[in-house]
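S.K.: Sequence first, then the predicted structure, then my questions.
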Amino acid sequence: MAFKQITSPHAHAAQNTAKVMQLVLWSTIPGLLALSWHFGWGALINILLATITAVLSEALIIKLRKRSVRFYLSDYSAVVTAVLLGLALPPLCPWWVVVTGSLFSIVIAKQLFGGLGYNPFNPAMVGYVVLLISFPVQMTTWVTPLALLPEGISHPDIIESFRIVLGGSIPVDGVTGATPLDSFKYALGLTADQIYQQDPLFSRAKFASVGWEWVNLGFLVGGIIMLASRLFTWHGPVAMLATLALLSVIFWDGGSSQSPGSPLMHLLSGASMMGAFFILTDPVSSAVSNRGRLVYGALIGFLVYIIRAWGNYPDAVAFAVLLANFSAPLIDNYTLPRTYGHTDRRRATEKVED
Amino acid sequence: MRKTWLTPGGVHPPENKQQSLTQPIGELPIPDRLVVPLSQHIGAPSIACVKVGDCVLKGQKIADSAGSVSVAVHAPTSGTITAIEARPVAHSSGMTAPCIEISNDGLDQWIASEGIADFEHTSPSALLSVITEAGIAGMGGAGFPTAVKLNPGFQRPIDTLIINATECEPYITADDAIIRERAEEIIEGVRILSHILGNPSNILIGIEDNKPEAIAALRPHIQDTGISLVSFPTKYPSGGEKQLIYILTGKELPSGQIPADIGTVCVNIGTIYAIKRAVVDAQPLISRVTTVTGKACAINRNYNVLIGTAVSHLLQHNNFDQQACSRVVMGGPMMGFSLTSEDVPIVKTSNCILAPSYQEIPEDEPAQPCIRCGMCAEVCPASLLPQQLFWYSQAKDHDRLQAHNLFDCIECGACSYVCPSNIPLVQYYRNSKGEIKTAQQEKVKSDHARERFEFHKQRIEQAEQEREAKRAARREAAKQAKSTTAGSGSAADIVAAAQARAAAKKLSPEQQQAKLERAVTSAEMRAQKAQEKLDSATANNDTEEKLNVFSAALTAAQQKLDQAKARLAEHK
């Protein structure tokens, strides 16, 4: 009598891709809570819109590719991309911004290359960069943190927020404002101390800037949860944050008017923590070996600092990540681990002599 | 405690070993027929030395070792040889192989034999031939002829003997069971091995710390023997040869070399027991301990199984429930291969039959795309990059695969075990290794063919050139001859010219005489030589054929001599 022929190994650990993705989603919650508390309902609405668009567009493309929609959608990867994009976009931005970005991420940056596992670039970041370049006004209109709202003004409630987003109407005066990195960059001629005293964004903050510091700390907590669950290794995030901190220490000239900002500000402003733990750890587009991830993370930290300090944009995580995605295959060629029984690391480009 | 080193990577699958250790090693009724494959080892398959219809006794040799890397095969019980033909065997390919089938006569009668009581005063080479003749190959799973492994040669002095009692795969407990019950004999086997290897300075028994009873069983017997028992933390795959050498000695085995190149020999503990039985008790390798386990069998236990017993016999004896079983695996859940039929025989390397239920080992889920999470790289004991190997394996990029050290993969399965996308990674690597090897062989053949073709072409060209040169020379000569005889055209002139040439060639009578005399002398010498040859052949009592040849030669020489003399006489 015949049995099935199946290859070894026959045992399997309980991990699967859907669970990995779900854990990433759970880990965004601390950051999301901080965002919602300090900046209102906008973030949640963005996430909702982005997720719906992403799932629908992925289902459509998979159907066009004549594959099983249920099988390919069940790994939650589209949801993760959408959530990350939703978190990155300014709260209360118009609905068409979110939808365009999400569509671009899923259809162009992911499915066009072959779907999950084949995209060379981080899909969420591709979507974000496309939006940043195409709709600069909408993408640079941020919401003022809760603590800084003028007397009598509060963030729009949920109905009002939906109306703003879907109707494209402008939020009430006083609700929008600049980000700390914006402030710092465009406050020309002032020393760092002066900026800190004058700008309420900084003067009323605990560590770096009002609202944003808590968002970054929230993402840091999420990142630690994922590290503890061994979803990824420490090499990428630590390399990025360390490089960012190191560069800001080197170029911190005591807070003069030319200074690009303190280490603490850089680490806890903008998308630093989210970039370190949620964006750069996207396994598909990052480098492959541990040493490679160190180089990759350091490159991202380096680029983020350069662009923030001397580039045209106040925040740079998206650009830095995309540039590093370009370099990931090259990094992989030269950062092979040393195999058991060999004395040296090899290069992937070696030709075998017969 | 002796120091141990930690290998990189590794996984901790659930051990599932307690189920099969509740009872001591059991015996099975001998089946009616035993099918013994001729190739149960690495190296040349053995050559049958019996015919269909022969009666054999238990332990009698039924196949000879074939060449230097081979072992003998013996009858597991007494009976009659009923067939020598291709039969299905337990191999992942599902192919058949030549086997000898013995029909059991129910008597189980042993062949007479005598063991070596005092092995310490027996030469190592004598012991090695006993081991080969006893059919002993590695019983840990690979089946390499043990005598070859124990004889690395003068260039490779051995200073470390490692005995592999690790048994790192889940479910398998065969080695654990024999250590518990036969510890004293095992230590005697270790001493035999030590003697063969010239008493290496380090003798280490490596065992995982999940076997406390086995450790306790061995300890009393190793007192004052110089043997060290080293236990280390449980992790899969610590039992791999490369990993075990590193754990116990801190030395890495360089890629492409064998342990003997670094002065080490690594032997499975089951093989050690078989060596002791062969040397001291003169019992060839005709049985082994196999674990039968998995929830689809009502009984989980270790058994002494005769080589050649069908897996169906084992399963039946343990109340196998086929409906509940997802697959039957020979070996463990990490590296064992699934059997397509239960009518295959147990061989020298079959350490476990695993029949799990669907809850234990469910159906494989379809593979999802690789997300390059890197969990596989974290658990690889050889520090490879499995995700890259998978990528290049799909792309069939042989150069990149080799640059990523594909051939250093030990196929342990840890990468597949943790892959969240359920990708059967090891299968891709096996496939690629096969493809690369085939491509290399093809390249050797095509290189050889190309060389021959080029040489052939060159030779033909050269021959052409020579012929051309000759033709040119002849044309020149003809032209010259024409130019000298130019002018005389009549037939009479040409005839006269030819006659003049013939007369010029003719010799004078004295020259003629001398020539004929020389002919006679040389003919005489030839006749003499022929005579001498015949005489010496007769004196040496050569075969009749040769004598006939020589006498015929002599007769011919005599004839030539007579002819030459006649011509001389005529001339005179």
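M.R.: Right, received. Where do you want to start?
S.K.: drop to CA atoms for contacts and neighbour counts, all remaining ones
M.R.: Fine.
S.K.: Tell me the residues of the stretch 251-354 of chain A that contact chain B?
M.R.: Within reach of chain B by C-alpha under 8 Å from any C-alpha of the partner chain, the stretch 251-354 of chain A has these residues: A:283-284, A:288-289, A:336-342, A:346-352.
S.K.: hmm, which of the residues you listed are the buried ones?
M.R.: Neighbour counting by 16 or more other C-alpha atoms under 10 Å in any protein chain shown classes A:283-284, A:288-289, A:336-341, A:346-348 among those as buried.
S.K.: From the contact counts, what lies against the worst-scoring helix or strand of chain A on mean pLDDT?
M.R.: When the helices and strands of chain A are scored by mean pLDDT, DSSP states H and E, strand A:176-177 comes last with a mean of 71. The contact analysis (3 or more C-alpha pairs under 8 Å, 6 or more residues apart in numbering or on different chains; DSSP states H and E) places strand A:176-177 against strand A:142-143.
S.K.: Run through the neighbouring helices and strands of the strand it packs on.
M.R.: Short answer (3+ C-alpha pairs under 8 Å, 6+ apart): strand A:142-143 packs on strand A:176-177.
S.K.: let's see 10 Å
M.R.: Counting contacts by 3 or more C-alpha pairs under 10 Å, 6 or more residues apart in numbering or on different chains; DSSP states H and E, strand A:142-143 packs against helix A:29-39, strand A:176-177.
S.K.: And the contacts of the helix or strand that the shortest one is followed by?
M.R.: Right, the one you point to is strand A:176-177. Counting by DSSP states H and E, the next helix or strand C-terminal to strand A:176-177 is helix A:180-186. Outside helix A:180-186, the residues that touch it by C-alpha atoms under 10 Å, 6 or more residues apart in numbering or on different chains are A:140, A:177-179, A:187, A:190-192, A:195-196, A:199-202, A:208-213, A:257-261, A:265-266, A:269-270, A:308-315.
S.K.: buried residues in helix A:180-186?
M.R.: Neighbour-count burial for helix A:180-186 flags A:180-185 (criterion: 16+ other C-alpha under 10 Å).
S.K.: so how far is B:Ala147 from the one residue in the stretch 201-350 of chain A that gets nearest to chain B?
M.R.: Nearest to chain B, among the residues of the stretch 201-350 of chain A, is A:Gly341, at 3.9 Å (C-alpha to the nearest C-alpha). For A:Gly341, the distance to B:Ala147 equals 26 Å [C-alpha to C-alpha, to the nearest Å].
S.K.: what's the answer for A:Ile47, then?
M.R.: Between A:Ile47 and B:Ala147 the distance is 69 Å, computed by C-alpha to C-alpha.
S.K.: Helix, strand or coil: sort out B:Ser103 for me.
M.R.: For B:Ser103, the assignment made with DSSP: H, G, I helix; E, B strand; the rest coil gives strand.
S.K.: which intervals of the stretch 1-150 of chain B have sub-threshold pLDDT?
M.R.: Applying pLDDT under 70 to the stretch 1-150 of chain B flags the ranges B:1.
S.K.: quick one, strands of it?
M.R.: B:26-27, B:33-37, B:47-48, B:55-56, B:61-64, B:73-74, B:79-88, B:96-104 (DSSP state E, counting those that start in this stretch).
S.K.: Columns distance to B:Lys211 and mean neighbour count on top of those, output as TSV?
M.R.: Below are these laid out as TSV (distance: least, C-alpha to C-alpha, whole Å; neighbours: other C-alpha atoms under 10 Å in any protein chain shown):
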stretch	distance to B:Lys211	mean neighbour count
strand B:26-27	20	12
strand B:33-37	33	27
strand B:47-48	40	20
strand B:55-56	40	20
strand B:61-64	36	22
strand B:73-74	33	29
strand B:79-88	36	19
strand B:96-104	37	21
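S.K.: thinking again about what came up before, in helices only, show me the contacts of helix A:180-186.
M.R.: The helices, defined by DSSP state H, take in A:192, A:195-196, A:200-202, A:212-213, A:265-266, A:308-310 from the contacts of helix A:180-186.
S.K.: Quick one, which of those are buried?
M.R.: Buried, going by 16+ other C-alpha under 10 Å: A:192, A:195-196, A:201-202, A:212-213, A:265-266, A:308-309, out of the ones in helices among the contacts of helix A:180-186.
S.K.: Make TSV from these and add pLDDT to it.
M.R.: Output for those, formatted as TSV (pLDDT from 0 to 100):
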residue	pLDDT
A:Ala192	75
A:Ile195	77
A:Tyr196	76
A:Leu201	74
A:Phe202	77
A:Trp212	83
A:Glu213	86
A:Met265	81
A:His266	83
A:Arg308	88
A:Ala309	86
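S.K.: now, which of these sits nearest B:Ala274?
M.R.: Top of the list for closeness to B:Ala274, among those and by C-alpha to C-alpha, is A:His266 at 68.7 Å.
S.K.: Just give the nearest non-adjacent residue to residue 317, would you?
M.R.: The chain I'm using is chain A. Counting by C-alpha to C-alpha, 6 or more residues apart in numbering or on different chains, A:Val317 lies nearest to A:Val304, which is 5.6 Å off, once chain neighbours are set aside.
S.K.: switch to chain B, that's the one I care about
M.R.: The shortest distance from B:His317 to any non-neighbouring residue, by C-alpha to C-alpha, 6+ apart, is to B:Leu28 (7.8 Å).
S.K.: Give me the neighbour count for that neighbour.
M.R.: 13 (other C-alpha atoms under 10 Å in any protein chain shown).
S.K.: from memory it sits against B:Leu306, does it?
M.R.: Yes - B:Leu28 is within contact range of B:Leu306, at 8.7 Å (criterion: C-alpha atoms under 10 Å).
S.K.: Helix, strand, or coil at B:Gly153?
M.R.: Under the three-state scheme (three-state DSSP), B:Gly153 adopts coil.
S.K.: Contacts only, for it.
M.R.: Residues near B:Gly153 by C-alpha under 10 Å, 6+ apart: B:Ala260.
S.K.: Same question for the one 10 residues further on.
M.R.: By C-alpha under 10 Å, 6+ apart, the residues touching B:Ile163 are B:190, B:203-207, B:229, B:244, B:265-272.
S.K.: In JSON lines, list the buried residues of helix A:180-186 along with pLDDT.
M.R.: Listed next are the buried residues of helix A:180-186 as JSON lines, based on pLDDT from 0 to 100:
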{"residue": "A:Pro180", "pLDDT": "76"}
{"residue": "A:Leu181", "pLDDT": "79"}
{"residue": "A:Asp182", "pLDDT": "75"}
{"residue": "A:Ser183", "pLDDT": "74"}
{"residue": "A:Phe184", "pLDDT": "75"}
{"residue": "A:Lys185", "pLDDT": "75"}
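S.K.: In helices, which of the contacts of B:Ile163 appear?
M.R.: Those of those lying in helices (DSSP H): B:190, B:244, B:269-272.
S.K.: Would you tell me which one of those residues comes nearest to chain A?
M.R.: B:Leu244 (12.5 Å).
S.K.: Relative to B:Gly10, how far out is the closest residue to that closest one other than its chain neighbours?
M.R.: Nearest residue to B:Leu244 in three dimensions, chain neighbours excluded: B:Ser238, at 5.7 Å (C-alpha to C-alpha, 6+ apart). B:Ser238 sits 8 Å away from B:Gly10, going by C-alpha to C-alpha.
S.K.: Give the residue from those two that has the larger number of neighbours.
M.R.: B:Ser238 (28 against 21).
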